[in-house]
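*Asks:* From the sequence below, what's the structure:
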Amino acid sequence: MNGANGVDREFVGLPSPTMPRASHGSHPCQGLYWKPRGARPRIAFIATHYNGDFSEHYLAEYLAKRGFGFLGWNTRFRGAEDMFLLASALIDIGVGVRWLYEQAGAEVVVVLGNSGGGSLMGAYQSQSLAVDLSAPGRDAEALAALRAADLYVSVNSHPGRPDVITKWLDPSVTDETDPTATDPALDAFDPSNGPPYSAEFIARYRLAQVERNHRITRWAQRELERLAKSNVPDRIFPLFRCWADLRFMDPAIDRSDRKCPACYSGDPARANRGPFGLGRANTLRTWLSMWSLQHSEARAELHLPKIREPALVVQSMADTGVFPSDAKILYQLLGSEDKQLELIPGAHYFETDLRDREHVADLIAGWIRQRTD
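*Replies:* A predicted model of the protein is given here:
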């Protein structure tokens, strides 16, 4: 279909090697391919998220206007975060990558990881180079067939879902079934604790966040064992109070140009008590696959060192949920000899000033052309 500003969009719906087209008609893998009108770009991007819909990604039109293809791609888990399994998601991303090479005519494919998609696309690239994920038979075969991309770009990405949720967890929770149960000594929203927060409080708070993650993991493992005795394979459970990163309230921690106090859901004190947090519902297996520090393989530290292709890490300085230290961690982890880190103006999706979107699109386009012309 023809769009505005000289850009064409094409709907792409495809089956996955491990999930066929549904009987009611929808494909597990879906997205929109953006490109200059009437063109067949030699270079194309693919962007995917853990559960968000990236088909109309904010950079798609900007990069298409600059001469590139852009596949905003969704896996079977779009809108289904509570069911996420990493191996299945990577297999579905592979469907989109292969389509770009074999159907769209791309000679160079760039995996673009944005927000949570940074660690996801990093995992895709590393596994396409050397599969080492724990996966059952059919998944292992499909993972072995993944085709590697040529370049890796990270935009406002954190080091992984286990890492980000742990930094956001409220460690003052004393009962996972009761959103009101609180230990005042670890309550970041108790004025007697800050902000500003002391070095002692920060250290104690961070340790307690890690322990909360481990505590949920231990419970999930025990619950799976208990359910198995009754032939129940899994269950869903809620997760309360996940907007409590100290950086949301204290601008002196990980300094940047962000508003403070603030988080992606507005006022962190209010958001932390509401039902709209990160990872608010999970199956037991999803917790272990996506959020557990001990078991999840959805972590940049496991994958970025394996990437040898040229890599660009971009971080906006007014982001309220991903911070300069996150970008520096990703840059240091990358195994690429040709790698670049850029700290630039803008919010998380560069949504507050569209000139920031033009800037980041120019930055990415220029970096790509230097390596492909």
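*Asks:* OK, contacts around the spatially most central residue of the chain?
*Replies:* When C-alpha atoms, centre = their mean is applied to the chain, the residue found nearest the centroid is Gly116 (1.3 Å). The neighbourhood of Gly116, defined by C-beta atoms under 8 Å, 6 or more residues apart in numbering, consists of 49-50, 52, 157-158, 161, 164. All C-beta spots, glycine's among them, are computed from the backbone N, C-alpha and C.
*Asks:* mind running it again at 7 Å?
*Replies:* The contact partners of Gly116, taken as C-beta atoms under 7 Å, 6 or more residues apart in numbering, are 49-50, 161.
*Asks:* min pLDDT across those residues, which one?
*Replies:* Among the contacts of Gly116, Tyr50 has the lowest pLDDT, at 92.
*Asks:* re the thing from before, let me have the contacts of Gly116 in JSON lines, extended by distance to Leu129, secondary structure and neighbour count.
*Replies:* As requested, these are exported to JSON lines (distance: C-beta to C-beta, whole Å; DSSP: H, G, I helix; E, B strand; the rest coil; neighbours: other C-beta atoms under 10 Å):
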{"residue": "His49", "distance to Leu129": "22", "secondary structure": "coil", "neighbour count": "24"}
{"residue": "Tyr50", "distance to Leu129": "21", "secondary structure": "coil", "neighbour count": "21"}
{"residue": "Arg161", "distance to Leu129": "21", "secondary structure": "helix", "neighbour count": "24"}
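*Asks:* between these, which is nearest Gln370?
*Replies:* His49 (27.2 Å; C-beta to C-beta).
*Asks:* how close does Asp163 get to Asp326?
*Replies:* Going from Asp163 to Asp326 by C-beta to C-beta, to the nearest Å gives 8 Å.
*Asks:* ugh, wrong one, Arg371
*Replies:* 24 Å.
*Asks:* Of those two, which one has the most company?
*Replies:* Applying other C-beta atoms under 10 Å to Arg371 and Asp326 shows that Asp326 carries more neighbours, namely 25 against 15.
*Asks:* which residue sits closest to the more buried one, ignoring its sequence neighbours?
*Replies:* In this structure, Asp326 finds its nearest non-sequential neighbour in His158, 4.9 Å apart by C-beta to C-beta, 6 or more residues apart in numbering.
*Asks:* Report the contact partners of the one you found.
*Replies:* Applying C-beta under 7 Å, 6+ apart to His158 gives the contacts 118, 164, 322, 326.
*Asks:* For those residues, which two are the farthest from each other?
*Replies:* In the contacts of His158, the most distant members under the criterion C-beta to C-beta are Gly118 and Val164, with 10.2 Å between them.
*Asks:* For the residue nearest to the centre of the chain, give its distance to Val7.
*Replies:* Counting by C-beta to C-beta - Gly116 and Val7 are separated by 26 Å.
*Asks:* ok, now Asp178?
*Replies:* On the measure of C-beta to C-beta, Asp178 and Val7 end up 50 Å apart.
*Asks:* swap in Ser115?
*Replies:* Applying C-beta to C-beta, the value for Ser115 to Val7 is 23 Å.
*Asks:* Comparing the two, which shows the higher neighbour count?
*Replies:* More crowded of Ser115 and Val7, by other C-beta under 10 Å: Ser115, with 24 against 19.
*Asks:* what about that one, distance to His57?
*Replies:* From Ser115 across to His57, the span is 10 Å (C-beta to C-beta).
*Asks:* Can you verify Leu341 is assigned to a strand?
*Replies:* Yes - under DSSP: H, G, I helix; E, B strand; the rest coil, Leu341 falls within a strand.
*Asks:* Tell me which residues touch the residue lying closest to it once chain neighbours are set aside, please.
*Replies:* Spatial nearest neighbour of Leu341, excluding adjacent residues (C-beta to C-beta, 6+ apart): Tyr331 at 4.3 Å. Contacts for Tyr331 (C-beta under 7 Å, 6+ apart) come out as 313, 339, 341.
*Asks:* what about Tyr331, which SS state?
*Replies:* Once three-state DSSP is applied, Tyr331 turns out helix.
*Asks:* Name the spans of the stretch 201-350 of the chain whose pLDDT lies under the cut-off.
*Replies:* Along the stretch 201-350 of the chain, segments meeting pLDDT under 70 are nowhere present.
*Asks:* Now do the helices in it.
*Replies:* In the stretch 201-350 of the chain, the helices defined using DSSP state H, counting those that start in this stretch lie at 246-249, 268-271, 284-286, 300-303, 324-333.
*Asks:* related to what we said a few turns ago, which SSE is the residue nearest to Asp326 in?
*Replies:* Secondary structure from DSSP states H and E places His158 outside every helix and strand.
*Asks:* tell me the pLDDT at it?
*Replies:* pLDDT, His158: 95.
*Asks:* Okay, strands next: where are they in the stretch 1-150 of the chain?
*Replies:* Here the stretch 1-150 of the chain has its strands, by DSSP state E, counting those that start in this stretch, at 7-14, 29-36, 43-47, 69-74, 108-114.
*Asks:* All set now, cheers.
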